[in-house]
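K.L.:
compute the structure for the input listed below.
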Amino acid sequence: MTSVDVMSLYKKFGNFFKIQINSHGKVYELGAEIDDSVDETTTIHYNGKYYSFVAYPNSTKCEVTQDILTRFLRKRLSLALKDKGYKFRKKYRAYKDNQDEVKHPHVTSFRIFKGFEYRILALENENDVFLCIDPRVILESVFSIADLVQKGISPSCLSDFSVRYIGDEGFRIDGYLVETATGKELAQESNSSYFCRINRYRKEKEEPEEETVPAEGVFPESRPELIQEFLKILGIEFDLIRLVRSLSFLDSPTPSLDRLVQTIKRVEELNSSGIFPLKFDGFSFGLDKQPIILKL
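P.N.:
Okay, here's the model as predicted:
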């Protein structure tokens, strides 16, 4: 009788790819504060102190612990992705504008990309570091609140959902839309243009909890259900929910296989585009092309 390796039946390819540490550089402690002479792209902040792989004046050479190494990897990978033209939605979701966009007839309303989410993880009490990567559908609202008003949606319908907008310093800010009304209605002088009252989700202590900004620069949260509702109100017949499900492999008879294939393709892209090997000042990291096998 032929024996069967029962455990082999439970072997499964995962989405963890081992990062090979090819060479170690040096790390220097900079102290609790840094000034403008320090290039922040060369630093990380860990346990109340700054560290760099550059020997700045008055810095002290220190041990390269796994936590410090992992944090440098996270920061340098994000910078490398940006240098290669990747854009970000949230902190660890990335896509390429010119190659990942899904074509559809309503690009003036929303854009959709086949992107990916990534994490760099280290195992406790081990020296191994992994890149965890997973395909992600990335949705982007194109129409602003002002566009929706211009298209005929009543301002009274444009409230009570999350939005994003650009602050005075050019940074994207997330908030909750309380009200959309004219400047005259919101006491913004005698201005008939539309403005949005927004509660900020994150703010500094000295910043107001609520602010009023022009509706032209406020965009609905990139949530499929919300955008689908606006399309319906505007009389646009397009099943965005179904498209997102399809791109997420939810309607596929082999979703796990499809996700694995797309994940491996993305890892091949990271290697072929020169992101890996990831190098900076004496450090060099390679990325395995095949995922590790998980035993469940």
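K.L.:
report the residue ranges of every domain in this protein.
P.N.:
The record's domain parsing of the chain by automatic domain parsing lists 13-25+66-142+242-295, 153-223.
K.L.:
now mean pLDDT, mean neighbour count and distance to residue 229 too, for those, in a markdown table please.
P.N.:
For the C-beta atoms, the positions are set from N, CA and C on the backbone; glycine is no exception. Supplementary listing: these in a markdown table, determined by pLDDT from 0 to 100; neighbours: other C-beta atoms under 10 Å; distance: least, C-beta to C-beta, whole Å:
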| stretch | mean pLDDT | mean neighbour count | distance to residue 229 |
| --- | --- | --- | --- |
| domain 13-25+66-142+242-295 | 93 | 16 | 12 |
| domain 153-223 | 83 | 15 | 9 |
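K.L.:
residue 42: which of the ones you listed is closest?
P.N.:
Each of the domains of the chain has some distance to residue 42 by C-beta to C-beta; the shortest is domain 13-25+66-142+242-295, at 7.7 Å.
K.L.:
residue contacts, the nearest residue to residue 227 once chain neighbours are set aside?
P.N.:
Closest residue to residue 227 in three dimensions, ignoring its sequence neighbours and counting by C-beta to C-beta, 6 or more residues apart in numbering: residue 110, at 5.3 Å. Residue 110 makes contact with 139, 140, 141, 142, 143, 222, 227, 240, according to C-beta atoms under 8 Å, 6 or more residues apart in numbering.
K.L.:
quick one, helices of the protein?
P.N.:
For the chain, the helices identified by DSSP state H occupy 66-83, 145-150, 224-233, 240-247, 255-272, in order along the chain.
K.L.:
and the last one with helix 66-83, angle?
P.N.:
Think helix 255-272. Using axes from the mean of the first three to the mean of the last three C-alpha atoms, to 10 degrees, one finds that helix 255-272 and helix 66-83 are set 80 degrees apart in direction.
K.L.:
next, the angle helix 240-247 makes with helix 255-272.
P.N.:
Going by the same axes, to 10 degrees, helix 255-272 makes 70 degrees with helix 240-247.
K.L.:
who touches helix 255-272?
P.N.:
Helix 255-272 is touched from outside by 13, 15, 17, 114, 116, 131, 133-135, 249, 252, 276, 287, 289-291, with contacts defined as C-beta under 8 Å, 6+ apart.
K.L.:
likewise the first one?
P.N.:
When contacts are defined by C-beta under 8 Å, 6+ apart, helix 66-83 is touched by residues 19, 21, 27, 41, 44, 46, 51, 53, 88, 94, 118, 120-122, 127, 129, 131, 275, 278, 280, 283, 285.
K.L.:
ok, the nearest residue to residue 40 once chain neighbours are set aside - contacts?
P.N.:
Spatially, and ignoring its direct neighbours in sequence, residue 40 is nearest to residue 34 (7.5 Å; C-beta to C-beta, 6+ apart). Contact criterion C-beta under 8 Å, 6+ apart gives 40, 43, 50 as the residues in contact with residue 34.
K.L.:
pLDDT at the first one, what is it?
P.N.:
The pLDDT attached to residue 40 in the predicted structure is 96.
K.L.:
likewise the last one?
P.N.:
Taken from the predicted model, the pLDDT recorded for residue 50 is 98.
K.L.:
report the contact partners of the nearest residue to residue 107 once chain neighbours are set aside.
P.N.:
Distance criterion C-beta to C-beta, 6+ apart; nearest residue to residue 107, sequence neighbours excluded, is residue 142 at 6.9 Å. Under the criterion of C-beta under 8 Å, 6+ apart, the contact list for residue 142 reads 107, 108, 109, 110, 111, 219.
K.L.:
run the last query once more with 7 Å
P.N.:
107, 108, 109, 110, 111 (C-beta atoms under 7 Å, 6 or more residues apart in numbering).
K.L.:
residue 21 bridge partners, please.
P.N.:
On DSSP bridges, the residues paired with residue 21 through beta bridges are residue 285.
K.L.:
so it sits against residue 285, correct?
P.N.:
Yes: here residue 21 lies in contact with residue 285, judged by C-beta atoms under 7 Å, at a distance of 6.0 Å.
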